[in-house]
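Enquirer: What follows is a predicted structure for the sequence shown.
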Amino acid sequence: MTDASIAPAWRRFTAIVYDALAVVAIVMVVGLLTQFATGGHLVDDTGQLLAWWYQPLQGLVVGAYFLASWMRGGQTLGMRPWRIRVTGNQGQPVSGKRGMVRLVVAALPLALLTIYPLVSLKTALLAPLAGWAVLLLPAFFDRRRRAIHDMVAGTEIRSLPT
């Protein structure tokens, strides 16, 4: 591994923006299919969610998108245009175990949404963003440009040859 093969942090962050758009599309499709499956009775007249399984389903589908992308070629849709790939520390493909560890650690900030009953909706929605900023901050300083979830999982983001 050469330091030249390590992707610059800015590429990772631009890929995150692209992947956020992919996640929104996934969530919308799952929501539409769920509305069809429940006959349009996913929420009641007051906006309360009627299906306890809806949010876990959304999480599973989005998680499966990332895990499958990392394990099958090492690239999400957002990583492709920026020519970057997730690999193991030695450049090997991401295994199921490494991918799952990376996914779980990267998703931890979502647990901050549970503060909603205690704080405003705006604060509850900003809390995971702050958590992801903390996870990604080391990518600016680490020699191998790894975020915390990469350090824990033993993965890194590499540039593809041009």
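Expert: Received, thanks.

Enquirer: going forward, measure contacts between C-alpha atoms and count neighbours the same way
Expert: Noted.

Enquirer: pLDDT on the longest helix anywhere in the chain, on average?
Expert: Counting residues, the longest helix found in the chain (DSSP state H) is helix 9-37. Here helix 9-37 scores 95 as its mean pLDDT.

Enquirer: What helices and strands are in contact with that helix?
Expert: Packing partners of helix 9-37 (3 or more Cα pairs under 8 Å, 6 or more residues apart in numbering; DSSP states H and E): helix 54-71.

Enquirer: Counting by contacts, list what the following helix or strand past the helix it packs on packs against.
Expert: Where DSSP states H and E defines the elements, the next helix or strand beyond helix 54-71 is strand 84-88. With contacts taken as 3+ Cα pairs under 8 Å, 6+ apart, strand 84-88 sits against strand 155-159.

Enquirer: Tell me the buried residues in the longest helix of the chain?
Expert: 9, 11-12, 15-16, 18-19, 22-23, 26-27, 30-31, 34 (16 or more other Cα atoms under 10 Å).

Enquirer: Tell me where the model's unsure across this structure.
Expert: For the chain, the stretches flagged by pLDDT under 70 are 1-4.
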